[in-house]
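# quick check, what structure comes out for this input:
(one chain, ligands or ions: 1)
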Amino acid sequence: MTQSRPNVVIVGGGIGGLFVANALTTYGVAVSVYEQAPALGEVGAGVYITPNSVRHLQRVGLGPAVEKWGAKVGKNSRYYHHDGTLIAPVQVTDSSGWNATYGMHRADLVDMLAKALPPGVVHIGHRCTGFDRAGNLARVTFANGAIAVGDVVIGADGIHSELRRYVFPPPRPVFSGTVAYRGVVPTELVPDWPAESWEMWLGQGKHFLTYPLRAGSLVNFVGFVPADATMKEQMRESWSAPGDPEALRREFAGWDPRVGALLRQVQTTFRSALHDRDPSPTWTRGRLTLLGDAAHAMLPHLGQGANQSIEDGMALATILANASRETIPGALLAYERLRRERAAKVQSGARENGLRYDSFHADLAIRDAEIAAHAEFRKRLYDHDVVPEARAAAMELV
Ligand SMILES: Cc1cc2nc3c(=O)[nH]c(=O)nc-3n(C[C@H](O)[C@H](O)[C@H](O)COP(=O)(O)OP(=O)(O)OC[C@H]3O[C@@H](n4cnc5c(N)ncnc54)[C@H](O)[C@@H]3O)c2cc1C
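Have a look, this model is predicted:
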């Protein structure tokens, strides 16, 4: 089996691409990662990392790095009405009470994943422009003229995936009508801010989220507001469009004074229009498969974008590690069967949660009760371990 182990080409050096590269490397499978950007992970702010992916980060040896660079989320985590009155506590553990929930700066997570790979695996400055098959091999071409050939290609190239169109006709982005202002405030500027707190304030058509990053030295914030007509026309799915801090402050004027106190310290923010996609009919074609946002772009209202891409990566690596060159097309379909339904549920759950958070509900007392009861959904989400099922699926291929 080892002699005919596949050689894997990964397009996209974001969280999903770098994680699956780590998982495959841990299993002893040869990988190369091709990323379009001239440098890794410079853009972004907070990503939320929950037990369902932390168990996989630990499996590939990154538990200590998560502890070092992450900021534990635990006590003081609460939902509030916009005026600061309490709605409910936030579920941060799985059902066994294991608290492995962290805020991480995206740049730290990407850096940590990249540094854990052997030298020479990641190739930056490679924008993928095409895909084709060459006999039993799969081939990708790049704008710089380079070509990469492997037994399998993983499209981990994000929400604007180039490789998706080689699997199925590109789905239309679905605009949520919401714009997110993101950024960070150094904790020293808000010394009374409670440690370890994930907090969310819910208003009519808007909500505001905070959680800690980088060992508690930064407070991450996201202000979700309705898009106006100009934004609808102009805003594409960009992670780097600058936002106006004054406009952000105006959006949340009159809310809980704690929100105002944090926003007074904001000097820079960037904003993105929130889109997702309807669940895809398939993720796989022959020796090409998709992973992460390329397969299942979702809204951020369950904090699962990064976590689901890590779950995908662990499932795919576990199956590929047990596949031979000959069994790859079946292995990729087994991965897709394992992951597509769960990812689709998280996609639709994120849409529903966004409506709750923005108070689009006939009876807000019932909405508040749903938010409190949502702890059970989160426990089940966090309990999930994809590895036993992936091992069983891999065994069926042999
Ligand atoms: C620049 C950036 C900033 C982000 N900031 C945040 C944030 O602040 N908060 C948050 O919650 N989420 C953020 N995200 C999204 C979050 O990282 C993802 O939703 C999630 O982690 C899923 O990961 P992914 O690997 O599927 O996609 P991504 O993390 O988006 O990674 C996709 C990677 O593929 C690369 N790529 C795209 N097209 C090509 C191509 N043709 N050839 C080669 N490489 C290609 C991209 O440059 C990117 O590095 C950001 C994503 C990006 C790309």
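
# wait, G150 touches V11, no?
No: using CB atoms under 8 Å, G150 makes no contact with V11, being 10.3 Å away. The C-beta positions use only the backbone N, C-alpha and C, and glycine is treated the same way.

# up against the ligand, what does the stretch 151-300 of the chain have?
A156, D157, G158, H160, E162, R182, W239, G292, D293, A294, P300 (CB under 6 Å from any ligand atom).

# could I get those residues as a markdown table with neighbour count?
Formatted as a markdown table, these follow (neighbours: other CB atoms under 10 Å):
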| residue | neighbour count |
| --- | --- |
| A156 | 33 |
| D157 | 27 |
| G158 | 22 |
| H160 | 14 |
| E162 | 20 |
| R182 | 22 |
| W239 | 15 |
| G292 | 30 |
| D293 | 26 |
| A294 | 30 |
| P300 | 23 |
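
# which of those residues lies closest to A39?
The closest of those to A39 turns out to be W239 (CB to CB; 14.4 Å).

# in helices, which of the residues of the stretch 151-300 of the chain next to the ligand fall?
In this view, those that belong to helices under DSSP state H are D293, A294.

# in a markdown table: the residues of the stretch 151-300 of the chain next to the ligand, plus distance to K75 and pLDDT.
Below are those laid out as a markdown table (distance: CB to CB, whole Å; pLDDT from 0 to 100):
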| residue | distance to K75 | pLDDT |
| --- | --- | --- |
| A156 | 35 | 98 |
| D157 | 38 | 97 |
| G158 | 34 | 94 |
| H160 | 38 | 90 |
| E162 | 43 | 95 |
| R182 | 24 | 95 |
| W239 | 31 | 72 |
| G292 | 31 | 97 |
| D293 | 32 | 96 |
| A294 | 36 | 96 |
| P300 | 23 | 95 |
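
# quick check: which ranges of the protein have low pLDDT?
Applying pLDDT under 70 to the chain flags the ranges 1-3, 229-238.

# am I right that A344 falls within a helix?
Yes: counting by DSSP: H, G, I helix; E, B strand; the rest coil, A344 is located in a helix.

# contact partners for the residue nearest to it when sequence neighbours are not counted?
Nearest-residue entry for A344: P279, 3.8 Å, with adjacent residues in sequence omitted and distances by CB to CB, 6 or more residues apart in numbering. Counting by CB atoms under 8 Å, 6 or more residues apart in numbering, P279 makes contact with H296, R340, A343, A344, Q347, S348.

# re the thing from before, among the residues of the stretch 151-300 of the chain next to the ligand, which one sits closest to the ligand?
Checking those against the ligand by CB to the nearest ligand atom gives G292 as the nearest, at 2.2 Å.

# returning to that earlier point: assumed the residue nearest to A344 was part of a helix.
No: using three-state DSSP, the assignment for P279 is coil, not a helix.

# next one: it from the ligand, what distance?
Plainly put, P279 is 15 Å away from the ligand if you go by CB to the nearest ligand atom, to the nearest Å.
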